[in-house]
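Q: Got a predicted structure here, sequence first:
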Amino acid sequence: METQSPPLLTVEHLTLSINGEVKISDLNFTLHVGERLCLLGASGSGKSLTAAAILGTLPFDATLSGSIRLLGQEISGQRLQQRKPLALAAIFQDPFTSLNPLTTVGKQLIMALRARSGMNKEHAQCCAAELLAALGLPPDMMKRYPGQLSGGQCQRVCAALALSGEKNLLIADEPTTALDMVSQYQLIDILKRYTERPAAPALLFITHDLSVAASLCQRAIVLANGKIAEHGSVTQLLRQPVHPYTQRLVATALRPAFSDYPAMSMAG
């Protein structure tokens, strides 16, 4: 009988407080190679703080207990600078803080590609242009500075940067919030294709929008007030939601406005 490989990411009994106020309580989940898992919840539910705990970007007044293991290594006490540089990539909710305002988009992408894969400048330039095109950005984007971009354009550039190297785990924290519906679909499509490749990274996708989660992720964990309210396959949560908060998410996700998301029609 075939046995399942050990989890890429294991979170056990994670509890987090800020200034003495509990924000996350006894959180447990695993994520395997090639899997796409969604942390789903409203603002203040603890989903972004969970991502920050994994990434090592928590505020300094945060108190953390429990275990976070990536590739079998305990990382819960490490800051971002101490993490394995090739293990993690992230797309953050605020794209403007992730880009160097003094360097063109093209140069930032080329530098990232060369640093992570060792490719030559010409190859990196072609790959950078292809990444931007896949995200619906025009060729002249390579020559622009971040200050010349809209919020949605900045977010897609940040996605291109996160996708520019080989990683074990990609964390996307509300990456579609600043995007219109067309740009959302483009980003979701490229994330799905990127994580379906051989030796692709696992994806931890954070959102408040079940319709977005349903179009991309296989499993979802619903967070409410820092605790797991419900978890299961996205299809299961859509068809048989148990927790009242999940039921409200499903009611919103199944409105006609969301019918263009591919997974929604299959779930009913």
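A: Perfect, thanks for sending it.
Q: Would you list the phi and psi of residue 116?
A: Note on residue 116: backbone dihedrals following degrees, to the nearest 10 are phi -90, psi -20.
Q: Skip the chain neighbours and tell me the closest residue to it.
A: residue 165 (2.9 Å; Cβ to Cβ, 6 or more residues apart in numbering). For every residue, glycine as well, the C-beta is placed using N, CA and C.
Q: Can you give me the buried ones in stretch 97-108?
A: Neighbour-count burial for stretch 97-108 flags 98, 99, 104, 105, 106, 107, 108 (criterion: 16 or more other Cβ atoms under 10 Å).
Q: what does stretch 230-248 give?
A: 230, 231, 232, 234, 235, 237, 238, 241, 245, 246.
Q: so which pair among those residues is furthest apart in space?
A: With Cβ to Cβ as the measure, no two of these lie farther apart than 235 and 245, at 18.3 Å.
Q: one step back: just the buried residues of stretch 97-108: which are in strands?
A: Using DSSP state E, no member of the buried residues of stretch 97-108 falls in strands.
Q: Would you mind giving the residues you listed as TSV with distance to residue 125 and pLDDT added?
A: TSV is the format used below for the buried residues of stretch 97-108 (distance: Cβ to Cβ, whole Å; pLDDT from 0 to 100):
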residue	distance to residue 125	pLDDT
98	21	83
99	18	90
104	12	96
105	12	95
106	7	95
107	10	95
108	12	94
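Q: pLDDT averaged over stretch 30-41, what's the number?
A: Mean pLDDT, computed over stretch 30-41, is 94.
Q: I meant stretch 55-70, not that one.
A: The average pLDDT for stretch 55-70 rounds to 93.
Q: Please apply the same query to stretch 112-128.
A: If you average the pLDDT values across stretch 112-128, you get 87.
Q: what sits up against it?
A: With Cβ atoms under 8 Å, 6 or more residues apart in numbering as the test, stretch 112-128 has contacts from 86, 106, 109, 110, 142, 160, 161, 164, 165, 166.
Q: Fine by me, we can end here.
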